[in-house]
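Asker: what's the 3D shape of this:
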Amino acid sequence: MSSPEYYQPFGYKEYRPNYLLHIFLFAITFFTVTIAGVQWVLKDPFELTNLHFGLPYSLSILFIIASHEFGHYFAAKKHGVTTTLPYFIPFPPIPFVLNFGTLGAVIRIKSLVPNRKALFDIGVAGPIAGFIATLIVLIYGFENLPDIEYLYQIHPEYRFLPKLPEGDLTFGDTLLFFLLKKLFSILNPDAFIPPMNEIYHYPYLCAGWFGLLVTAMNLIPVGQLDGGHIIFAMFGDKHKFIARGFFFSLIFLGVFGIFEQNLGWPGWLVWAFVLYFIVKIEHPPIGTFGLLDKKRMVIGWLAIAIFILSISPSPIKIK
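Answerer: The predicted structure is shown next:
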């Protein structure tokens, strides 16, 4: 996940990027994400001839994550703020574990942010760039959906059933994903649109769904998440009440998800734990310097709309 830090560390020295480390992490992440893509289509990831099956997924995922991180990066450069290149985070392809192959990427801000406008621009650029990339992947995925024979090749047993069964793993719908499904079903009424318990077999839809999840999690207006930076820049000290409200909402959805996965997800408890102990709930006091202009406030409300379109109260359901 993206979580830039907006302060100058004590004893700051001129930043010099470690290009070898960035390239190494990207290469490892590319490998783990490609392996995950092979697993999502139920191919043997240890068979080298199957690696190409994972490329549509891995290239889409990395395109989304890179767009998000370089959105932050170039916005920082525009304001003269020193920042690292993205550190991609691989996740090992562990069998029988829900695995997207990566935990996203992060950048680190290495110098002071000069004003509230710069804070806002750097914070909002990542989610907007990542959302646009996600939208591109999803539209391409819906426009190039294979027919039902593709699913029968993955699950031959489905061919002899009167209807598709409910799966053990179901991705939660989001408002944007729902609207895109409806739109493409109207534009192409004969197309087969897979149910949410089969979405992960479709690389572009799976990557796009993951992009929405990452965007939504980063836009939660808490602490030093992107949403926290945006809300702090927009509303100043009022952000603490918004942050606390969303934090307790995550706890509620997490606890509720233990008993009822249709309206909640136990994973929100884990995310709440991370926010409380690592990201922190309230934005650090970096001063109330300057006010946002009307254009930036409109963009801020657009980011809030993106959050609403991307969030799912119950993103993952496992029987």
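
Asker: tally of neighbours for residue 302?
Answerer: 14 (other C-beta atoms under 10 Å). For the C-beta atoms, the positions are set from N, CA and C on the backbone; glycine is no exception.

Asker: after the helix or strand where it lies, which helix or strand is next?
Answerer: Per DSSP states H and E: residue 302 is located in helix 294-310. Using DSSP H and E, the helix or strand that directly follows helix 294-310 along the chain is strand 316-318.

Asker: does residue 152 sit in a helix, a strand or a coil?
Answerer: helix (DSSP: H, G, I helix; E, B strand; the rest coil).

Asker: what separates the helix holding residue 302 from the chain centre, distance-wise?
Answerer: 17 Å (C-alpha atoms, centre = their mean, to the nearest Å).

Asker: which residues touch that helix?
Answerer: The contact list for helix 294-310 (C-beta atoms under 8 Å, 6 or more residues apart in numbering) reads 117, 120-121, 124, 127-128, 131, 174-176, 212-213, 215-216, 219-220, 227, 230, 233-234, 292.

Asker: now, of those residues, which are buried?
Answerer: Neighbour-count burial (16 or more other C-beta atoms under 10 Å) applied to the contacts of helix 294-310 gives 117, 120-121, 124, 127-128, 131, 174, 176, 212-213, 215-216, 219-220, 227, 230, 233-234, 292.

Asker: and the strands in this protein?
Answerer: With DSSP state E, the ranges of strands along the chain come out as 87-90, 102-106, 169-171, 316-318.

Asker: need those strands in TSV with distance to residue 260, mean neighbour count and mean pLDDT, can you?
Answerer: Listed next are the strands of the chain as TSV, based on distance: least, C-beta to C-beta, whole Å; neighbours: other C-beta atoms under 10 Å; pLDDT from 0 to 100:
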stretch	distance to residue 260	mean neighbour count	mean pLDDT
strand 87-90	31	20	97
strand 102-106	27	21	95
strand 169-171	14	20	94
strand 316-318	10	15	91
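
Asker: so which of those strands is nearest residue 75?
Answerer: Between residue 75 and the strands of the chain, the tightest spacing by C-beta to C-beta is seen for strand 102-106, at 15.4 Å.
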